[in-house]
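Enquirer: Have a look at this fold, sequence not included:
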């Protein structure tokens, strides 16, 4: 559990693309984001207050979050001065970089001297159990995609926000480092040892109130041969009551796999649902989330209408048109 | 790659059940097994020559293989004297125990002093790539099961033996620690990091002669919610041309999961084949391997005949009746 509120470290990020993690925190947990801290030459700006370490500390900041991904995922020497000063002032540090904080001797030494915690969310910090498959109380919704990077995290985040706004009990459950940094907890599923994948998802989504929904962040795709095993473990460990199908209709091949064509939404439904029903026979597909960023408003609406007609399911782009249709579908279960 | 021939260390194994690994080596790689070495009180006997370390060394032994699994998977103090003496005499050590050889300071010190290698086959020793899904030359056969522990390793081992005897090009590809110790190489798939599972299987089964068959050891089951992600990665990383369905007909529930009923062979076929065709559209189900150990000869034969009629596929118990029917099916592809 990463303590908030956060000060968001943007370092010398060349542009906003490099600040994806910080943008996610600003958008989805605005109350966690006290402000930003930038080095000379930083080309990213979240529109938050620029604060010094001392200013943010006096406002109650607990953790300096590295909100930027740089080339190679390394911790730049230019960052070190700020990171060490933060530890000296009593901050914890949190990072999703490949280059672990704990592998840097000077950061480790400063953390030990000053009692700070180094959160490397790319690697598990828990010894997860092997999944036992026992039915858990509460309800779970999982986003599954025709491909990687089609909007599964965004869909679950938007549904959580809209469900909480309606007074429903809902918790986003992060399974990747961006989601973990945004919400402060979760399972870095892609870094879990094979035997414990499904168990880590059981651990992440324990027994809960009967009317509580876990919105589990999806990973990979059953149709993406590099990562399908991770998706499979999410489906069986999550034992979802509801699946949301996620799709990006203009993609010409599977991400990173030029020889592979993305499946249809029908193929995704027909593959994912029977597998989900192994762990939860009551599971149903409740809606479709389409990433329409490459379509005009007119084309997007026409595409969504076509999907609704063909699939007999509510369909929306939650970023563009809100997640209400999907939340309505969950509320009806 | 573990160097052979081996001397098989049985330690103080109370009975033959504890010597499963050593039995596998004796049965499947008899030319690797120079002899056995036992401590006082050992209740296991492979029927091999009892050799001292020095005798086996003079016969050419390269590696002392711990062929026994004891309670808790620990390296007993009673074993240490022999293991250290072996390192001093120039042996390598190989083990599939949870308690790693490399975590024992005295073994590590002796290995470094005498230039021996400690093979802990339970953990990966390779940085595997992320799968790229590219079509590879050569042919691959994967055993998939209705459950865990239904005979997938045995089936692939028996097929390799019978194919080599026919002059076919065939290689068993180990994906678990027993198989790795038997053959001297492989991927300990259950210990691989999630993101690299499918890539580790691509690494294990690279381009080969067009008429060469990799016989890939299966793991878990698509229907076993604890391990289905591992199975999925095998299917997509292995891009099999042929699937063998493995089944144990008397099992009442999935192994370790009392709430879960094993699927039918039809359900396994209908689930596994479309998933396999994502990575290899030409994949086909070619036969059924049934573990009939709990059936009389008459019942086993009747059951196999029934499976053949219902599935329209050759069916055999390779342990009891040989794997010829399955090899015939591969040879016909």
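Expert: It's in. Since the structure is predicted, the reported quantities are computational estimates derived from the model, not experimental observations.
Enquirer: Strands of the stretch 201-333 of chain A, residue ranges please.
Expert: Across the stretch 201-333 of chain A, reading from the start of the chain, the strands by DSSP state E, counting those that start in this stretch fall at A:212-216, A:242-247, A:284-290, A:315-316.
Enquirer: which other helices and strands contact the third one?
Expert: It stands for strand A:284-290. Packing partners of strand A:284-290 (3 or more C-beta pairs under 8 Å, 6 or more residues apart in numbering or on different chains; DSSP states H and E): strand A:242-247, helix A:265-279, helix A:297-311, strand A:315-316, helix A:324-331. Glycine gets a C-beta too; all of them are placed from N, C-alpha and C.
Enquirer: touching chain B at all, the first one?
Expert: Meaning strand A:242-247. No - using C-beta under 8 Å from any C-beta of the partner chain, strand A:242-247 stays clear of chain B, with a minimum separation of 15.7 Å.
Enquirer: just the angle between that strand and helix A:265-279, please?
Expert: Taking axes from the mean of the first three to the mean of the last three C-alpha atoms, to 10 degrees, one finds strand A:242-247 and helix A:265-279 inclined to each other by 150 degrees.
Enquirer: Contacts for strand A:242-247, please.
Expert: Taking C-beta atoms under 8 Å, 6 or more residues apart in numbering or on different chains as the criterion, the residues outside strand A:242-247 that touch it are A:139-146, A:150-152, A:155-156, A:159, A:218, A:262, A:265, A:268-269, A:272-273, A:276, A:283-291, A:307, A:311, A:313, A:326, A:329-330, A:333.
Enquirer: So in that sheet, which strands flank that strand, and in what orientation?
Expert: According to DSSP bridges, strand A:242-247 has the following sheet partners: strand A:139-145 (parallel), strand A:284-290 (parallel).
Enquirer: Would you map the helices across chain A?
Expert: For chain A, applying DSSP state H gives helices covering A:20-28, A:53-58, A:77-88, A:105-114, A:152-165, A:177-183, A:197-204, A:228-238, A:265-279, A:297-311, A:318-321, A:324-331.
Enquirer: So which of the ones you listed is nearest chain B?
Expert: Put simply, out of the helices of chain A the one that sits nearest chain B is helix A:228-238, at 3.3 Å, with distance taken as C-beta to the nearest C-beta.
Enquirer: That closest one and chain B in contact?
Expert: Yes - with C-beta under 8 Å from any C-beta as the measure, helix A:228-238 is seen reaching chain B through A:228-233, A:235-237.
Enquirer: tell me, what residue is most central in chain A?
Expert: When C-alpha atoms, centre = their mean is applied to chain A, the residue found nearest the centroid is residue A:179 (3.0 Å).
Enquirer: Leaving out the residues flanking it, which one is nearest to that one?
Expert: Once its chain neighbours are removed from consideration, residue A:179 has its nearest residue in residue A:217; the separation is 5.0 Å (C-beta to C-beta, 6 or more residues apart in numbering or on different chains).
Enquirer: dump the residue contacts of the one you found.
Expert: Residue A:217 touches A:143, A:152-153, A:156, A:172-176, A:179, A:186, counting by C-beta under 8 Å, 6+ apart.
Enquirer: hmm, which of these are the buried ones?
Expert: For the contacts of residue A:217, burial is judged from neighbour counts taken by 16 or more other C-beta atoms under 10 Å in any protein chain shown, and it is met by A:143, A:152-153, A:156, A:172-176, A:179, A:186.
Enquirer: ok so, going back, let me have the helices of chain A in JSON lines, extended by mean pLDDT and distance to residue B:115.
Expert: Output for the helices of chain A, formatted as JSON lines (pLDDT from 0 to 100; distance: least, C-beta to C-beta, whole Å):
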{"stretch": "helix A:20-28", "mean pLDDT": "94", "distance to residue B:115": "47"}
{"stretch": "helix A:53-58", "mean pLDDT": "98", "distance to residue B:115": "52"}
{"stretch": "helix A:77-88", "mean pLDDT": "95", "distance to residue B:115": "39"}
{"stretch": "helix A:105-114", "mean pLDDT": "97", "distance to residue B:115": "31"}
{"stretch": "helix A:152-165", "mean pLDDT": "97", "distance to residue B:115": "50"}
{"stretch": "helix A:177-183", "mean pLDDT": "95", "distance to residue B:115": "41"}
{"stretch": "helix A:197-204", "mean pLDDT": "98", "distance to residue B:115": "38"}
{"stretch": "helix A:228-238", "mean pLDDT": "98", "distance to residue B:115": "38"}
{"stretch": "helix A:265-279", "mean pLDDT": "98", "distance to residue B:115": "49"}
{"stretch": "helix A:297-311", "mean pLDDT": "98", "distance to residue B:115": "64"}
{"stretch": "helix A:318-321", "mean pLDDT": "97", "distance to residue B:115": "60"}
{"stretch": "helix A:324-331", "mean pLDDT": "98", "distance to residue B:115": "62"}
